[in-house]
Structures are given as structure tokens and as C-alpha cells.
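S.K.: Sequence plus the predicted model coming up.
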Amino acid sequence: MSLKRRNMLGLYGVSAEEITTVLDTAESLKEISARPIKKVPTLRGKTIVHFFYEASTRTRTSFEIAAKRLSADTVSLSASTSSITKGETLIDTAKNLLAMSPDLIVMRHSQSGAPQLLARHIPCSIINAGDGAHEHPSQGLLDLLTIRRAKGRLDGLKVSIIGDITHSRVARSDIIGLNTMGSQVTVYGPRTLLPPAVETLGVSVAGSMDEAIHDADVIIMLRVQQERLTDVLFPTLREYAQRFGLGLKHMKAAKPDVVIMHPGPINRGVELSPEVADGPWSLILDQVANGVAVRMALLYLLIGPEAS
Amino acid sequence: MSQPRPILLKGGRLLCPASGTDETGDLLLERGAIAALGGELDAPADAEIIDCTGKWVAPGLIDLHVHLREPGHEYKEDIASGTAAAAAGGFTAVCCMPNTEPVNDSAAVTEMILERARKAGSCRVYPVGAITPGLGGKALSQMAELRDAGCVAVSDDGHPVSDSRLLRRAMEYASGFGLPVICHSEELSLSAGGAMHEGPTATALGLPGIPAEAEVAAVERDLTLAGLTGARVHIAHISCAGSVAALKRAQEAGWAVSGETAPHYLALCDQDVGEYDTHRKMNPPLRSAADREAVRQALASGVIEALATDHAPHSVLEKEVEFGFAAFGVTGLETALGIMLELVNQHLLGPLALIDRMSAAPARLLGLPGGSLAAGGPADVVVIDPKAIWYVDPVKMRSKSANTAFAGRRMPGRAVLTVCGGKVTFRLEA
């Protein structure tokens, strides 16, 4: 199996067939993480650069573990250790990296479109590990894998995404991927955190928390970022938690087989009450485990022995 | 300077909106002036005779809004390269905005620009002075001194005056010296942080938006102050339907207001940002398709009286970066006529209206010489081949910068000869 692409910059334009290929590959690679010796030689001799212009703990760790389980050599650069602070442009930094012949660059950047810029200038494979408020395709794919494993399908599901849609690259990748796979997506959040023309993303907008929850098969809660408070996008965390947080009372109105997801890290007591986060509905830790498998699949499909 | 040879432009389609002339005939340029027009003219013995059959012969184009970047940002453009680009685009005069370094807020800077233009320029250069010193938005520039030094208007282009009382004072003071005020209308508290037009494309790209209302709210304020003060107010780079409606209302109220738009707002819309193309990033941003249509109709009907390029050269240092970090602005002098000829081919406006929006109207709005083929006026003339198809190649631009929004675009026609003050400033090599 392989993908007909060199890069994974976003789920926009990625076909259902390609997504299925990634998810199926991830399923078959999951077993490696359960072995006593969690390593296969598939990517031996390949070099992967993790190029993080923006702080990240879990995504970077997940990518590094994925690469190491496939025996790739990895190098990490973060904003504090690279030449970014010396005023070098993104393209210059990338060209310098390229001169060291990496096979793949995993990049996170605070600016939407930065991976597209990189891809226009350098010929090696690129995985977007999150660009601004644009996309985070590996998170989208791991969410799809998590839902597919829990529900046995993606087609015809009702998925509600609740919280800060405007600034969320996870929301965009989830919405695009879910739409491609035939799910129906509803969003809900404070009006200040729903982007202009949000329905053009292919979602319907719920009018209340109850409406968002009552017939959802899957609920994805998004993280509230503290800096949105200083932007005056909502009044207080207290009111946010009361009006847009998911608590036990909501679970009574939800479908009995509903599942709860969250890209992490969780603000416990804000968007998610501890009882819900740790309850039987929660797939949050499955998401983390599936993240390693999906990233292994992407690496394998983009630069593995069968990559085009 | 020695007198250039007389030039006889033979058999072209003479287009002069000021007189309504649209007929085939000759045009004779002698001693820096238009000597005669119409019918078959005899050439003086030493004249250069240029066959203009099938071409348009029109008053030289005038651009109310360019950034020549000198002094201060000569790596992007200078007066020599910017005016060479102007001549290649058919322009014989440009008005240069004051956001240089230092800012053109004093006679010294104005005089320096005019001196450079005299020595190295390929067209007439009319400086626009700053409304506030250093474009700081805090006080009034010495506008009388600026006018006497040669400024034709005042503007804080790129740095709108947020303080309404200060802008009122500026309009009142400027009108006392006959200086029009050119407003870059933008409500900064609504546009802050934005990278492109707010709408579905920005949402899909995850880019912070600039709502059209950031422009409309400021246009409404600026026009309201024009009504209050009676000043001559010109709204720069109109990009959206709301601004057009506001301008129309102000004109109907009888206020001394006018507006311009730029070629990119006629030809492109927010969707054309595509995959984060920084050459489609300008301020105001490319708007919705409906806004584009409103602007096109307003230019055709004359509500928007003038076409200006907002020629804003930037180097790769400002453009080959992350979209959010990229500078706003695109070049325009060498592509504006081509875009306007597209409008003619689409039957949105006729050739005479094109020359009006690009030459006669700009001259009229700021009281500049030219903009007409009347005998006795300056020999500022452009010969246009409306059927000379070409493709925009950023590498071949006369501008120092290659940040055109139209790279690769097929253009239906172009200027083939530009004459400024009787002197050939551009001739298309066959």
C-alpha cells in the first residue's frame, strides 16, 4: 500500500480511499506497539527531522515514538534551539536542513500555511504537525481511527465538536476528514469562537449545548486556550465551564453509546468535568495510543519501502 | 534639456474623454506640447513619424496612488525604476505616497523626490505629503509648506488617522490650501491582526480575517467628515460593495468626494489567495466575488471615478515568508492597463471610459496637467495596442520587485509607446 502523494499537509483534498489506506495501515501497525520489543526495521537508514516552531509535547513525542518504532533516525529542532531566533527565514532554515538530506520533515508552526510554503521550496516529504489555525492532519486521522475502532464505521455517524472552532486546527482537520468519510458534523461554542461562515466548512451549528449533544454518536471537546480570555472572546472561565463545558448532567441526555474525545491537554473543570474525562465514555487515552499508530502509518506510507 | 524631435502619430484611434473625441486621425507632438490633432496632419521635416494604424492614441495614463519607496526602501524600488515601470505601463504621471523613510512630511523630502524624478525619472512625479508628521496620527504636518514644495494632496496612506477630531482638523486645514485629502479608510480596531478578507476562504485557510466592514465603517466616517468640513476628500483603494454604496450616497449629498479602486479588486477575489499566495496579499484585501462585481460596476458607472494601481513593491524578503508574516501589497504599474483592457473586452466599459478612469479623471481629481489630447496641453501621450497579447512575466518587469498578483496571466493588450513631455519614455521593442 502507498499514498499517491509525497506530503501530508492537510486532509483537504485527501480522498476517502487514501484515508482508509492510512487507517488500515495504522491498524496493522498497532500490533508493533504491543510487542515486547517494540521495533521493526522498516525505516532503517531513513532520517526524519522534527521541526517545531511552536511548543508541543505530545504531538512531538508521538511522532518521535512512531519514527523510532520503525527504526528511523530522528532529529528534533524546536524554536528555542534552532536558528529561528537569529532571524533566519523559514526557507533558509529549511534549505539548510535539506542540505543534510533528511527523508521527511515533520513541521509544526504558529502560522497557517507555513508547511505549504516549505513544500513549495524543498523537495523532501513533509508532514504538517499543525499550522496555525489551519490543519493538523495526523490528529484528524487519529480521531478518525479512534471513532472507527469504537463505532465500527465512519459513514452516517453524527459527530459534535464543541468549543473554540475558530482557532482550532484540530477542528478543521476533523471536519474535513469526517465529511470525506460520510459523517455529519455539528459544531457548538460561544459565537465569538465560531469562525465567520463556519457552515461553509461543511457543518451545521447547534443552537444549544443540549442540541449539540442529544443525538451525537461522538462528542469531541476542544481545549479552551487561556489567551482567548485576554482577547476578550468570552467573559470568564466560570461562565465558559457552565455554558460550554461537558459535565455529568449532559451525559444523561446523551445517547447511551456516545463516546467522548478530546485532543488534549485537558483543562479539567473547564471544557470537560473530571467525571466525564475519566468516565466510561472517554476515548481520550485511546486517541493517544492511536496517534502513535497513525503516525507510524503516515511515515510508512510516505517514505517506506512501497512509497511512490 | 534639448528639445526632442517632433513626433507625428499617424492614423491611430484618437481617444480623448475630456472632449469626447473618438475618431481616427493624426496627432502631432512638438516642443513638449500637443501641437495639433485630428484628420491628416503634415509632419515637420525633422519629425519622427510613427504609424499607429489599429492602435489607440490617448492622453498618458496618470496613477493617483503609487509607492516609489525612495527615500528609504530603495531595495524594493526607487524613483528611477518605479517611473520606468510606470512608463512601460503607459503612465506619464504618478502620485507617490508619503510612507517613505523619512516620511514625506517636509519640504526637504518633497524637494528631494522631485529632484530625483527630474534627474532619473521616466514620468512626472507628484508627491503626496503626509497628513501627520511621521504618519504618527498625532499632529498636523506643515501642509502649506508641503504644497508650496510640490505636494498635490495629503494622505496618511497605510496609517489611517484614527482620531476623528484630528482628521477633521486635517481636512479643514488642507482645504484652506486647496489640498485634497486622500483617505486610506480602515478601522484599525476591526482589522487588527487580519491577514486576508474575512469569509469562507479565510475560515478554510485558518487565517485571521479582515471584515469588509473595517473598510466600510472608516469610509463612512471619512465621508461624513468630508460633509462636515466641505473638504475635497478622495477615498483610496475601494475594495468592497459597502464602500461603493457609501461613496454613492455621499456624492448624492453633493459632497466633494471621489474614489479610486485598483486593478486587483477588479480581477481577483479572496478565493484567489489559493494556497497562501503572498502575492495575493494586500491591504485592503481581495474581497468576495460579490464585492468585486460591485467595484467593477462602480468603476463602469463612474461612481468610482479613477483607477489607481496602489503599486506597492516588496522584495522576496517581505514576500517569500509565512503568509501571516508577509507584507501587504502588490505591484501594479505594468499590469493595470492589461486588466482594464480585459474589462473593455468584457464590454464592461468602452475605450473612452477606460481612458477617462486612467487619465482624464485622475488629472481632474487632483488638478494635474495632462489627461487630455487638447492642443496646447503637455505632450503626454500613450499609444496602446489593444490586441497585443502578452503574458505577465515577473522577471521581465521594470520594477525592482516581482510581487505581481498576475504572474503568468494572459493580457489582451498593452502600451507600445509612451511619450512624456514630448520625449519617448517607453517603446515596446518589436
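M.R.: Received it, and whenever you're ready, just let me know what you need.

S.K.: contacting residues for the residue in the stretch 201-308 of chain A that chain B sits nearest to?
M.R.: Here the stretch 201-308 of chain A gets closest to chain B at one residue, residue A:201, 6.4 Å apart by CB to the nearest CB. The way it works is simple: take the backbone N, C-alpha and C, and place the C-beta from them, glycine included. Residue A:201 makes contacts with A:172, A:175, A:176, A:195, B:203, B:204, as judged by CB atoms under 8 Å, 6 or more residues apart in numbering or on different chains.

S.K.: Against residue B:224, how distant is the nearest residue to residue A:196 once chain neighbours are set aside?
M.R.: Among residues not flanking residue A:196 along the chain, residue B:198 sits closest, at 5.1 Å (CB to CB, 6 or more residues apart in numbering or on different chains). When distance is defined by CB to CB, to the nearest Å, residue B:198 is 24 Å away from residue B:224.

S.K.: residues making contact with stretch B:151-158?
M.R.: Residues outside stretch B:151-158 that contact it (CB under 8 Å, 6+ apart) are B:65, B:95, B:97-99, B:104, B:110, B:126-132, B:135, B:137, B:141, B:143, B:146, B:170, B:174, B:179-184, B:234, B:236, B:283, B:366-368.

S.K.: Tell me which of these fall in helices.
M.R.: Mapping the contacts of stretch B:151-158 onto helices (DSSP state H) picks out B:110, B:143, B:146, B:170, B:174, B:366.

S.K.: For these, please prepare JSON lines with the additional fields pLDDT, distance to residue B:218 and neighbour count.
M.R.: Shown next, in JSON lines, are the ones in helices among the contacts of stretch B:151-158 (pLDDT from 0 to 100; distance: CB to CB, whole Å; neighbours: other CB atoms under 10 Å in any protein chain shown):
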{"residue": "B:110", "pLDDT": "98", "distance to residue B:218": "27", "neighbour count": "23"}
{"residue": "B:143", "pLDDT": "98", "distance to residue B:218": "21", "neighbour count": "23"}
{"residue": "B:146", "pLDDT": "98", "distance to residue B:218": "23", "neighbour count": "28"}
{"residue": "B:170", "pLDDT": "98", "distance to residue B:218": "15", "neighbour count": "27"}
{"residue": "B:174", "pLDDT": "98", "distance to residue B:218": "18", "neighbour count": "26"}
{"residue": "B:366", "pLDDT": "98", "distance to residue B:218": "21", "neighbour count": "23"}
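
S.K.: still on that earlier bit, so for residue B:198 and residue B:224, which sits in the more crowded spot?
M.R.: Higher neighbour count among residue B:198 and residue B:224: residue B:198, with 26 against 17, using other CB atoms under 10 Å in any protein chain shown.

S.K.: Would you state the strands of the stretch 101-250 of chain B in chain order?
M.R.: Listed in chain order, the strands of the stretch 101-250 of chain B (DSSP state E, counting those that start in this stretch) span B:124-129, B:153-155, B:181-183, B:196-197, B:209-210, B:233-235.

S.K.: Could you point out which of these sits nearest residue B:85?
M.R.: Ranking the strands of the stretch 101-250 of chain B by distance to residue B:85, with CB to CB as the measure, places strand B:124-129 first at 12.5 Å.

S.K.: which residues touch residue B:318?
M.R.: B:76, B:326, B:327, B:403.

S.K.: From the residues you listed, pick the one nearest residue B:313.
M.R.: Residue B:313 has its nearest neighbour among the contacts of residue B:318 in residue B:76, at 4.5 Å by CB to CB.

S.K.: How about the contacts made by that closest one?
M.R.: Applying CB under 8 Å, 6+ apart to residue B:76 gives the contacts B:69, B:313, B:314, B:315, B:318, B:400, B:401.

S.K.: Kindly reformat the residues you listed as JSON lines containing secondary structure.
M.R.: Supplementary listing: these in JSON lines, determined by DSSP: H, G, I helix; E, B strand; the rest coil:
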{"residue": "B:69", "secondary structure": "coil"}
{"residue": "B:313", "secondary structure": "coil"}
{"residue": "B:314", "secondary structure": "coil"}
{"residue": "B:315", "secondary structure": "coil"}
{"residue": "B:318", "secondary structure": "helix"}
{"residue": "B:400", "secondary structure": "coil"}
{"residue": "B:401", "secondary structure": "coil"}
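
S.K.: any chance of those in JSON lines, plus pLDDT and distance to residue A:238?
M.R.: Output for the contacts of residue B:76, formatted as JSON lines (pLDDT from 0 to 100; distance: CB to CB, whole Å):
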{"residue": "B:69", "pLDDT": "98", "distance to residue A:238": "52"}
{"residue": "B:313", "pLDDT": "98", "distance to residue A:238": "51"}
{"residue": "B:314", "pLDDT": "98", "distance to residue A:238": "46"}
{"residue": "B:315", "pLDDT": "96", "distance to residue A:238": "49"}
{"residue": "B:318", "pLDDT": "94", "distance to residue A:238": "44"}
{"residue": "B:400", "pLDDT": "97", "distance to residue A:238": "56"}
{"residue": "B:401", "pLDDT": "97", "distance to residue A:238": "52"}
